[in-house]
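Asks: Would you be able to build a 3D model of this:
(2 chains)
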There are 2 protein chains.
Amino acid sequence: MNDVVRYIAAHRDAFLSDLTEWLSIPSVSGDPARAGDVRRSAEWLAAHLRRTGFPTVEVWETGGHPAVFAEWPAADAAAPAALVYGHHDVQPVEPLDEWETDPFAPVQRGDRLIGRGTSDDKGQIFFHTLGLRAGLAASGASAPPVTLKLLVEGEEESGSVHFADLLRERRDRLACDVVVISDTTMWAEDVPSMCTGMRGLTEAELTVRGPDTDLHSGSFGGAVPNPLHALATMVAALHDADGRVTLPGFYDDVIPLTDDERVLFAKLPFDEDAWLRTAGNSRAAYGEAGYTTLERVWARPTAEVNGMWGGHTGPGGKTIVPREAHAKISFRLVAGQDPARVQEQFRAWAAAHTPPGVAVEVRIPGGGVRPCFSPIDSPGVRAARAAMERAFGTEILFTREGGSGPEADLADVLGAPLVFLAVGLAGDRIHAPNEKVEIPLLLKGAEAAAYLWDELAAALR
Amino acid sequence: MNDVVRYIAAHRDAFLSDLTEWLSIPSVSGDPARAGDVRRSAEWLAAHLRRTGFPTVEVWETGGHPAVFAEWPAADAAAPAALVYGHHDVQPVEPLDEWETDPFAPVQRGDRLIGRGTSDDKGQIFFHTLGLRAGLAASGASAPPVTLKLLVEGEEESGSVHFADLLRERRDRLACDVVVISDTTMWAEDVPSMCTGMRGLTEAELTVRGPDTDLHSGSFGGAVPNPLHALATMVAALHDADGRVTLPGFYDDVIPLTDDERVLFAKLPFDEDAWLRTAGNSRAAYGEAGYTTLERVWARPTAEVNGMWGGHTGPGGKTIVPREAHAKISFRLVAGQDPARVQEQFRAWAAAHTPPGVAVEVRIPGGGVRPCFSPIDSPGVRAARAAMERAFGTEILFTREGGSGPEADLADVLGAPLVFLAVGLAGDRIHAPNEKVEIPLLLKGAEAAAYLWDELAAALR
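Replies: All right, here's what the predicted structure looks like:
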């Protein structure tokens, strides 16, 4: 047992006691009635970070709920800076009658801590405070080996609506060489892993217009273009027979999976039948030829139709040629792709695929979300993986996430690589009743965090 | 001037005066408050048919508004029987403020009679009474040369909901060798024409099911089948590159257009640009390769998607893989096709075209409507054409109708060929404010009707 482990074991009860106090504040950002609690949660965290030793701790106002910022400079002014990101707000707790315990009166049952926010995300932020103190205690240093910054937002569970603005306003204070995200999950309790990327997103709405009014299909059907046919033809043409997206240039910028990544993905004990059950009992896996299900979800871009409508959609029949047809389409983007470029590709594709006799309009509602990605051989990922391997004593595998959160804004605005250090599990029931965290994993997270700053200082110097 | 023409000229004013009295009864079948008026209209017509000389006149009750039946047996018991079909109910008159005159106080302006029902359909039923009397006066006979039956329904403008039942109940009384429909239009005032067919119809609803619930497209997109993609693929596959419907066997039963029909269709002065304007300013004509626009609308079967929906159709984005997708599809059928057979073909097609990983359900809401069609060289059509040519003194061209009404039930239940004798015009503003009829055309209709029974008696004997 090394000094870090000893420190963590010695402070386990105090850590859980403090965390329980924080978890008791119902910081539900989506409930306007809880705005005061979200603020109390920020202030509680700020006070705790001061007690932890951060020389600078500030509660930052946003257009919505406050965020907490803390900074602890390295002794060595040339040391790299790392920013830890997480959030102190939590999901609503409804349906309340499905909770076995009070969501805001956390309870320990065996190795589990049960309550709202235990895993998502208070518990995972909190292990950094214990890890940092353990690292300092073990090394005897009075400051961390990197300049350590924390940014803990209060609106993640309600869409991080003011987060990108906050990042832009505070860009100078947040400047860093690496961002450590502690808001994801590992593959399994016995299969520790690190996320290395999240898919980006861009959305579009496609409108196909035909006649000025709905036409009687008896009088006109078969002799004028039908916008619903035209739309279906376009949507069907979005993919080729191999399930590949047909936008010219769509894959040009995609950073391909490396052989190493594919080997490491393949080491994950993936049960496709079980996965299909989580996918709403989907009848079969289906996607781009040449890739596994995990590769498709994590590392390959997609085009999905999210909604489609036109003509008569109510009960009974109405034999019309409808005036227009609509589809909402979104593209999940992966490492290397740029939402703006895909938007251009889609516009060009739609113009080139417009069937005769109809007009097509493409509306792009926003700039989209960039994908984020850290190569597995990048210094930050190697350092974090080394810290995780020291803590878990086993090989750390890699995952990615198919969706995207505010993380992309961090990479985008701060221009720093992301590293994901987190110990949540898919089974933690985040966003659901009876959310829990495995206490041994929280302590492993603290241990990995204790090693992380040394590893990063060495890797990034 | 022959005796028929002379008789019609001599009785013109009385004819218009009687018609005006009938038109003044607001027999709007779609307005429950007008039920009494629809009944008055039936009783008025019954009284007039008695005055015309029909030995048998009956008001027939239905589940809704009453119909009028009349019969005048031929002197020769071996003579064929003809049934004239029309309707005495009318469309609503809203928006009332767009009428230049009171819709139920008919007004003559020059050669026009303006009012609701003048063209659709009281005027066109009424010319038969004048024509019949003119024919009898000219021949000096005391009975028509065919056994003449009239069936004038009271619910055509509200969907003929009880009509098929009425036909089945009264099949014996209605037995005939030919049905004469007087409820359509001619090509133009100076291009007299006869309709020879109407397209049939069958409808289907296609449902594609994927996962049990909508899925997050970040977590699952690209790795499970998307029901909207699957639906679009199926809808796109309904037609081939030549605009032909891909149901195996779909065209097998179609009675092809004859060269004569195509030549006669081509003689119609068709202005495609003007037609496109009536088609809601459609940008282009489009349809099955190898056919003209008129041929496509009148004589070729179609598959049309009338409605399509699934996933997120409201404002904003929602990045889901939706659980299901729907399309309402209808097929217009032409001479020779059977709705039941097309329904089977569609079920087989849907099963064969179901994309991998989704389930497809086909719902067929009803039995459909048979197409009706009378070959241009059939005895009934030749006789009616001869009668029209004698009245108009010019070649009678042929049209068809792209939609279908209760006429198909007549052909179906009574098992008799249909012949269309009508003098309405597309410009008569039926179903719209300021409906009118051209009085000279009504009188030509009467004249053609006067000749028709001789012609039919000779042709069908």
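Asks: could you show me where the strands are in the stretch 301-450 of chain A, in order?
Replies: Listed from the start of the chain, the stretch 301-450 of chain A has strands (DSSP state E, counting those that start in this stretch) covering A:302-311, A:320-321, A:324-333, A:359-363, A:372-373, A:397-401, A:418-420, A:424-425, A:436-438.
Asks: Could you please name the strands the second one pairs with and the direction of each pair?
Replies: When pairing is defined by DSSP bridges, strand A:320-321 lines up against strand A:215-216 (antiparallel).
Asks: Quick one: residues in contact with the strand it pairs with.
Replies: Here strand A:215-216 makes contact (CB atoms under 8 Å, 6 or more residues apart in numbering or on different chains) with A:221, A:224, A:319-321, A:323, B:279-280, B:282, B:402-403. Where you see a C-beta, it was placed from the backbone N, CA and C, and this is true even at glycine.
Asks: Most neighbours of all those, which one?
Replies: Tallying neighbours with other CB atoms under 10 Å in any protein chain shown puts A:V321 at the head of these, with 31 neighbours.
Asks: Generate a markdown table for the contacts of strand A:215-216, with distance to A:W309 and pLDDT as supplementary columns.
Replies: As requested, the contacts of strand A:215-216 are arranged in a markdown table below (distance: CB to CB, whole Å; pLDDT from 0 to 100):
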| residue | distance to A:W309 | pLDDT |
| --- | --- | --- |
| A:G221 | 20 | 93 |
| A:V224 | 20 | 96 |
| A:T319 | 18 | 89 |
| A:I320 | 14 | 92 |
| A:V321 | 16 | 95 |
| A:R323 | 13 | 96 |
| B:A279 | 22 | 92 |
| B:G280 | 19 | 92 |
| B:S282 | 21 | 93 |
| B:G402 | 26 | 87 |
| B:G403 | 25 | 83 |
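Asks: what's near enough to touch A:I439?
Replies: A:I439 neighbours (CB under 8 Å, 6+ apart): A:12, A:16, A:108, A:111-113.
Asks: ok, 10 Å please
Replies: By CB atoms under 10 Å, 6 or more residues apart in numbering or on different chains, the contact list for A:I439 reads A:12, A:15-16, A:19, A:108, A:110-113, A:118, A:123.
Asks: ok so, going back, turn the strands of the stretch 301-450 of chain A into CSV, columns for distance to B:H431.
Replies: What follows is the strands of the stretch 301-450 of chain A, written out as CSV (distance: least, CB to CB, whole Å):
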stretch, distance to B:H431
strand A:302-311, 22
strand A:320-321, 16
strand A:324-333, 24
strand A:359-363, 29
strand A:372-373, 60
strand A:397-401, 58
strand A:418-420, 65
strand A:424-425, 65
strand A:436-438, 67
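Asks: So which of those is nearest A:T101?
Replies: strand A:436-438 (9.7 Å; CB to CB).
Asks: Helices along the stretch 351-461 of chain A, start to end?
Replies: Counting by DSSP state H, counting those that start in this stretch, the segments of the stretch 351-461 of chain A that form helices are A:379-392, A:407-414, A:439-460.
Asks: which one of the ones you listed has the lowest average pLDDT?
Replies: Lowest mean pLDDT within the helices of the stretch 351-461 of chain A: helix A:407-414, at a mean of 91.
Asks: For the residue of the stretch 351-461 of chain A found nearest chain B, give me phi and psi.
Replies: Minimum separation of the stretch 351-461 of chain A from chain B (CB to the nearest CB) falls at A:G403, amounting to 2.3 Å. Dihedral pair for A:G403: phi -110, psi -170, per degrees, to the nearest 10.
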